[in-house]
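A.B. asks: Turn this into a model:
(2 chains)
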2 protein chains.
Amino acid sequence: MFRAVGVPGEDAELAADVLVRSDERGIDSHGVARLPTYVTALQRGATNAAPKVEVVHETPSTATVDGDNGLGLVVGPTANRIAMRKAAEVGSGWVAVRRSNHFGIAGWYVLEAVSRDLIGWSMTNATGIVAPLGGATPRIGTNPIAVGIPSGEEPPFVLDMATSAVAHGKMEIAMRAGTAVPDGWAIDAEGRSTTDPAAVLLGGALVPLGGDHAHGGHKGYGLAGVVDLLCGPLSGAAWGPFTPNFTVVDRPPHDPHGDGIGHFFGAMRVDGFGPLAEIKARVDDWIRTMRSSPPLAGEEVLVAGDPERVAEADRRVHGIPLVGDVVAGLRAVGDRVGVAFG
Amino acid sequence: MFRAVGVPGEDAELAADVLVRSDERGIDSHGVARLPTYVTALQRGATNAAPKVEVVHETPSTATVDGDNGLGLVVGPTANRIAMRKAAEVGSGWVAVRRSNHFGIAGWYVLEAVSRDLIGWSMTNATGIVAPLGGATPRIGTNPIAVGIPSGEEPPFVLDMATSAVAHGKMEIAMRAGTAVPDGWAIDAEGRSTTDPAAVLLGGALVPLGGDHAHGGHKGYGLAGVVDLLCGPLSGAAWGPFTPNFTVVDRPPHDPHGDGIGHFFGAMRVDGFGPLAEIKARVDDWIRTMRSSPPLAGEEVLVAGDPERVAEADRRVHGIPLVGDVVAGLRAVGDRVGVAFG
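C.D. replies: Numbering: from 1, shown residues only, chains lettered A, B, ... in the order given. Presented below is the predicted three-dimensional model:
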């Protein structure tokens, strides 16, 4: 479908890989369910199908990349490769990106780094639907951070987290199911804590990781700020309340605060810090130590990346279950662009 | 006092600066109140007063530093300077540190970077008093992360946060005051949520930022893991439950899991990503936008670093208030090393 709307062959394969890997890892909200949105934006010219992704500023270990309003699923991997190339050359690489679009799951990028014995970092800013601590209205995105750390015999450490108390996808699931959400996820349009998942769409907001002041809401808000500043003001992308809504399939007007969605990627050679095998063995030891912690009754101690890895092992064998709405959406967009689906 | 126990002149000034700056910024728990512990450890030879701090492995943008069991207040600033020098040379610098000791406030290091137009990163691991999510016993430290981002006319963005729901200092304050702490800060020795601030000392644990699963406790635990892995397994320092307790003034026996406390520093040139003045102006715009967000009733929207900056402005004029216990402790250690205090 990407090819049918003008995305060059290799770029289309790359973009498809980011989406399918997300589904494989159990993050259904960021997988092929979003293909109709991407394809519609490409068809309408709101997203550039054949962008000229360019380095506009650089040093040996840093760069800013202009995504030329391409698919984030193409611009992101291209910028991430530049970070990894710089790491190969001088030990680490750090790349800020402007004029991009939604880039899929942050975790995809750090898995690329980890597979090359690099410590990977990946961040993106996003539509402002989170209230800053003490604020009554949304001003900042769920701005995820992913960090991947290579291991030896154990599976790698792969953290991929929204900096809000909860990812927006969980609100959407509750809304579709018609169930209440836990207290401490969101506020309504009057700034009151709410358990109604629809409240965010009706003028409310998600709250930052930590929730209120006593429980560290300033920390989640602060982390969201780090992500936004590195992705937006550093690169020249839009930021905070000016970040474009990725589900809007018409091109947003130019915003004086910056252009498009911003990302930030980092890669550090593990062997830039010491002998690779020794460090990997110590990471293994760390992972085993955490995993063998005495658990609370009925619980278990996991390591970042475990749930996604379990989903991936299962789905690679049994396939990826798609709900009816997603299948219908894929069929409809397939019909429109002349690609048979299923 | 540092000089009186053998710390060379410039190192003593540096260490004193880290402590006093902490008090100036209102972080009393990490200031001169800790001087007696540092001095006692130096007197007993548990900390090396004149360490040979060495780079043991490096690339143009990365390094691992061995702190030779010196004061963290000296080893940390030395390693941070190496990161900043690498940033000047190749755009960014990233330094892991082993065989160090407690390094003061994480924020001190990023303020050094920010004053040189660098984006600064600083992390340390710490005594394991936090339970991993789902775990019943402490396994990981409060492992702080600091990030500083230079601005133009506005004060800089300076995040300095523990990755636990609450810093240990706040438990100590409640314990001294004999007051209960909010639910969601700690668990007791049986793994039950507790409001008793003494519970952590009696076999309980702090909980990670986010608290429980529904509110993102896996995220705080994951961030603590990133800090621990970069500070410990990457450098060869101890980690997790094996991290030495910094208040123990006798040298811990060699631990096969690594040596001493570990840190991790980063510095990135702002002008490694674009024109300095343009980026700083955009950071200013971001800060003003957040600060002018509509607040909740009776609250205000701050930016990371605001509370410390307000304390600093006040204390530079009115002085630093010290509680009686701290003064008595400083007098006692001063008498012991032959330095008159107050």
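
A.B. asks: Phi, psi for the closest residue to residue A:239 other than its chain neighbours please.
C.D. replies: For residue A:239, ignoring the flanking residues on the chain, the nearest one in space by CB to CB, 6 or more residues apart in numbering or on different chains is residue A:232 at 2.7 Å. For every residue, glycine as well, the C-beta is placed using N, CA and C. The phi and psi values for residue A:232, taken as degrees, to the nearest 10, are phi -100, psi -80.

A.B. asks: how close does residue A:232 sit to residue B:98?
C.D. replies: Note on residue A:232: its distance to residue B:98, by CB to CB, to the nearest Å, is 35 Å.

A.B. asks: Looking at these two, which is more packed in?
C.D. replies: Legend: neighbour count by other CB atoms under 10 Å in any protein chain shown for residue A:232 and residue B:98, higher for residue A:232 (32 against 27).

A.B. asks: How about stretch A:128-138 and chain B, any contact?
C.D. replies: Yes: applying CB under 8 Å from any CB of the partner chain, one finds stretch A:128-138 touching chain B at A:131-137.

A.B. asks: neighbouring contacts of that stretch?
C.D. replies: A:139-143, A:163-164, A:168, A:187, A:190-191, A:200, A:203-208, A:210, A:212-213, A:217-218, A:220-221, A:224, A:240-243, B:290, B:293-296, B:299-302 (CB atoms under 8 Å, 6 or more residues apart in numbering or on different chains).

A.B. asks: and the residues you listed, which of them are in strands?
C.D. replies: Assigned to strands by DSSP state E, the following of these qualify: A:187, A:205-206.

A.B. asks: Let me have the residues you listed in TSV, extended by neighbour count, pLDDT and distance to residue A:83.
C.D. replies: Formatted as TSV, the ones in strands among the contacts of stretch A:128-138 follow (neighbours: other CB atoms under 10 Å in any protein chain shown; pLDDT from 0 to 100; distance: CB to CB, whole Å):
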residue	neighbour count	pLDDT	distance to residue A:83
A:187	23	96	36
A:205	25	97	32
A:206	26	97	29
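
A.B. asks: Looking at those, which is nearest residue A:320?
C.D. replies: residue A:206 (27.3 Å; CB to CB).

A.B. asks: any chance of the ones in strands among the contacts of stretch A:128-138 in JSON lines, with distance to chain B too?
C.D. replies: Shown next, in JSON lines, are those (distance: CB to the nearest CB, whole Å):
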{"residue": "A:187", "distance to chain B": "8"}
{"residue": "A:205", "distance to chain B": "10"}
{"residue": "A:206", "distance to chain B": "11"}
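
A.B. asks: Looking at the residues you listed, spot the one nearest residue A:118.
C.D. replies: Comparing the ones in strands among the contacts of stretch A:128-138 against residue A:118 with CB to CB places residue A:206 closest, at 31.6 Å.

A.B. asks: is the closest one in a bridge, and if so with what?
C.D. replies: On the basis of DSSP bridges, residue A:206 is bridged to residue A:130, residue A:186.

A.B. asks: Identify the residues contacting it.
C.D. replies: With contact taken as CB under 8 Å, 6+ apart, residue A:206 is in contact with A:129-131, A:138, A:142, A:164-166, A:168, A:171, A:185-186, A:200.

A.B. asks: Could you do residue A:284 as well?
C.D. replies: With CB under 8 Å, 6+ apart, residue A:284 has these contacts: A:151-154.

A.B. asks: where does the residue of chain A most remote from its centre sit relative to chain B, distance-wise?
C.D. replies: Of all residues in chain A, residue A:297 has its C-alpha farthest from the mean position, at 32.7 Å, by CA atoms, centre = their mean. Using CB to the nearest CB, to the nearest Å, residue A:297 is found at 7 Å from chain B.

A.B. asks: Any idea how many residues pack against the closest residue to that residue other than its chain neighbours?
C.D. replies: Counting by CB to CB, 6+ apart, residue B:191 is the residue found nearest to residue A:297 once chain neighbours are left out, at 7.1 Å. Neighbourhood size, residue B:191 [other CB under 10 Å]: 20.

A.B. asks: State the pLDDT value of residue B:191.
C.D. replies: pLDDT recorded at residue B:191 is 91.

A.B. asks: Hmm, residue A:296 and it touching each other?
C.D. replies: Yes: counting by CB atoms under 8 Å, residue B:191 touches residue A:296, with 4.7 Å between them.

A.B. asks: Output the below-cut-off pLDDT ranges for chain A.
C.D. replies: A:342 (pLDDT under 70).

A.B. asks: Which residue ranges make up each domain of it?
C.D. replies: Domain assignment for chain A by automatic domain parsing gives A:52-163+A:213-276, A:166-206.

A.B. asks: From the chain's centroid, how far away is the shortest one?
C.D. replies: It refers to domain A:166-206. Centroid displacement of domain A:166-206 relative to its chain, using CA atoms, centre = their mean, to the nearest Å, is 20 Å.

A.B. asks: Can you give me the end-to-end span of that domain?
C.D. replies: With CA to CA, to the nearest Å as the measure, domain A:166-206 spans 8 Å from end to end.

A.B. asks: what about residue A:112, which helix or strand?
C.D. replies: Here residue A:112 sits within helix A:106-114, counting by DSSP states H and E.

A.B. asks: Residues touching the following helix or strand past that helix, excluding its own?
C.D. replies: Next along the chain after helix A:106-114, taking DSSP H and E as the criterion, comes strand A:118-124. Strand A:118-124 is contacted from outside by A:72, A:76, A:80, A:84, A:87, A:94, A:102-103, A:106-114, A:143-150, A:227, A:230-231, A:261-270, B:230, B:234, using CB under 8 Å, 6+ apart.

A.B. asks: for the stretch 1-150 of chain A, what spans make up the strands?
C.D. replies: In the stretch 1-150 of chain A, the segments counted as strands under DSSP state E, counting those that start in this stretch are A:54-58, A:62-66, A:92-100, A:118-124, A:145-149.

A.B. asks: Any chance of those strands in a markdown table with distance to residue B:281 as columns?
C.D. replies: Conversion of the strands of the stretch 1-150 of chain A to a markdown table gives the following (distance: least, CB to CB, whole Å):
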| stretch | distance to residue B:281 |
| --- | --- |
| strand A:54-58 | 16 |
| strand A:62-66 | 16 |
| strand A:92-100 | 15 |
| strand A:118-124 | 22 |
| strand A:145-149 | 25 |
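
A.B. asks: Pick the most buried one from those strands.
C.D. replies: strand A:92-100 (a mean of 30; mean count of other CB atoms under 10 Å in any protein chain shown).

A.B. asks: Between strand A:118-124 and it, find me the angle.
C.D. replies: Orientation of strand A:92-100 against strand A:118-124 (axes from the mean of the first three to the mean of the last three CA atoms, to 10 degrees) gives an angle of 20 degrees.

A.B. asks: now strand A:92-100 and strand B:62-66, what's the angle there?
C.D. replies: 140 degrees.

A.B. asks: Distance from strand A:92-100 to the middle of the chain?
C.D. replies: Its chain's C-alpha centre and that of strand A:92-100 lie 14 Å apart, by CA atoms, centre = their mean.

A.B. asks: what packs against it?
C.D. replies: strand A:62-66, helix A:72-90, helix A:217-231, strand A:261-269, strand B:92-100 (3 or more CB pairs under 8 Å, 6 or more residues apart in numbering or on different chains; DSSP states H and E).

A.B. asks: Give me the sheet partners of the fourth one and which way each runs.
C.D. replies: Just to be clear, that refers to strand A:261-269. Its sheet considered, strand A:261-269 pairs with strand A:92-100 (antiparallel), strand A:118-124 (antiparallel) by DSSP bridges.

A.B. asks: Quick check: which of the domains of chain A is nearest to residue A:19?
C.D. replies: Per CB to CB, nearest to residue A:19 of the domains of chain A: domain A:52-163+A:213-276, 6.3 Å.

A.B. asks: now for the closest one, what's the gap between its first and last residues?
C.D. replies: This stretch, domain A:52-163+A:213-276, spans 36 Å end to end (CA to CA).

A.B. asks: Nothing else from me, thank you.
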